[in-house]
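>>> Structure for the following, please:
(one chain, ligands or ions: 2)
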Amino acid sequence: MSLLPARRLLLVHAHPDDESINNGVTMAKYAAEGALVTLVTCTLGEEGEVIPAELAHLAPDRDDTLGAHRVGELAAAMAALGVTDHRFLGGAGRYRDSGMMGAPQNDRPHAFWRADLDEAAAHLVAVIREVRPQVLVTYDPNGGYGHPDHIQAHRVAMRGAELAGQADFRPDLGPAYAIEKIYWNCNARSDVEEGFARLTAAGVSFPGIASVDDVPGVVPDAEVTATVNGGPVHTAAKTAAMRAHYTQIAVDGPFFALSNDLGQPLFGREHYLLVHGEAAAGEGGREDDLFAGIDGTAASAASGATGVSEARGDKDGSVRMEEAAE
Ligand SMILES: CC(=O)N[C@H]1[C@@H](O[C@@H]2[C@H](O)[C@H](O)[C@@H](O)[C@H](O)[C@H]2O)O[C@H](CO)[C@@H](O)[C@@H]1O
Ligand SMILES: [Zn+2]
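Ligands and ions are numbered 1, 2, ... in the order given. All right, here's what the predicted structure looks like:
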């Protein structure tokens, strides 16, 4: 029998660094509030470029030890965000970073881009049925910017959520469980444009400046369902987490650059599109809490599922999982 916190958030990402770039504020906020924040990362980022010259030997075409190194970067980022539950899909190294779209690495046997979707999704079903998240966050169908591992992470996350709710799918992986709300990462156009205006005015030290079109998942403001505002504390945690990924990200105050040396704004507000579940927007027309509208004391079970655990909300809202009588 295990005790689960009342609020449980699951995030599915492709590489170490994506979680901090896209959701650092969100993860830090909910972890600080006592929610269970579970991150599943699908690869070790083995095919990344290396920013610090003194670490160039880690590269895939040299020592090929960047993946192992990035495991350590990710652990440091989790510490900065206060997140304690982090897993690699199918175990560390099960799926390898596929490289950018069209790269020869896409075709490697263990490349995540070539993974069997239902096999990969089954690894996620096990996590979903264990932690029973009310909220799932992942990329949009284009993976934000078309990276094959991001696209595949989206597909695995959505398929895993679907299969986890099917009682006749792999009952050995635990009782069926239906996630109440699913969000895709996005960026509100006005925030992005304002961020680049700040960056241009600040005259930061990066060799170049990215453009709005380089930012993943930019949508018109009106399409945004939810905005999580980190404030100075959680924005600082996100900044520290991004700094922890130092082979991939160079941070300069409220700005950063990837290995392409193009400066871009570091956002203290993170935006989401709700694609499954009911929005519970405030008067401003947007949610400011991803758990808005969710009963924090009841874990939802898939309708018609057999062997579904009964969730009993204790007075503090925590959930005690007990197997229902057959
Ligand atoms: C943020 C992200 O998804 N990074 C990926 C990406 O890295 C980019 C890639 O190396 C590209 O060639 C560079 O120009 C760009 O600056 C990098 O951010 O792809 C890598 C390889 O699949 C991946 O390891 C990295 O996490
Ligand atoms: Zn990535």
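>>> Can you report how many residues neighbour the single nearest residue of the stretch 151-300 of the chain relative to ligand 2?
Per Cβ to the ion, Ala153 is where the stretch 151-300 of the chain lies closest to ligand 2, at 8.3 Å. C-beta coordinates here come from the backbone N, C-alpha and C atoms, glycine included. Burial measure for Ala153: 29 neighbouring residues, criterion other Cβ atoms under 10 Å.
>>> That one reaches Gly144, doesn't it?
No - contact status for Ala153 versus Gly144: not in contact, 9.8 Å apart, counting by Cβ atoms under 8 Å.
>>> Quick check: closest non-adjacent residue to Gly144.
Pro216 (3.0 Å; Cβ to Cβ, 6 or more residues apart in numbering).
>>> Helix, strand or coil: sort out that neighbour for me.
Classification of Pro216 by DSSP: H, G, I helix; E, B strand; the rest coil places it in coil.
>>> what's the burial count for Arg198?
Applying other Cβ under 10 Å, we find 12 other residues in the vicinity of Arg198.
>>> Contacts only, for Arg108.
When contacts are counted by Cβ atoms under 8 Å, 6 or more residues apart in numbering, Arg108 is found next to 96, 98, 114.
>>> how near is it to Ala122?
Arg108 sits 21 Å away from Ala122, taking Cβ to Cβ, to the nearest Å as the criterion.
>>> Repeat that for Gln134.
For Gln134 relative to Ala122 (Cβ to Cβ), the value is 21 Å.
>>> circling back: what's the closest of the contacts of Arg108 to Val228?
For the contacts of Arg108, the closest approach to Val228 (Cβ to Cβ) belongs to Ser98, at 29.2 Å.
>>> what about that closest one, which SS state?
Per three-state DSSP, the local secondary structure of Ser98 is coil.
>>> quick one: it and Ala115 touch, right?
No - under the criterion of Cβ under 8 Å, Ser98 lies out of contact with Ala115, with a separation of 9.2 Å.
>>> Between those two, which has more neighbouring residues?
Residue environment comparison for Ser98 versus Ala115 gives the larger neighbour count to Ser98, 29 against 24, counting by other Cβ under 10 Å.
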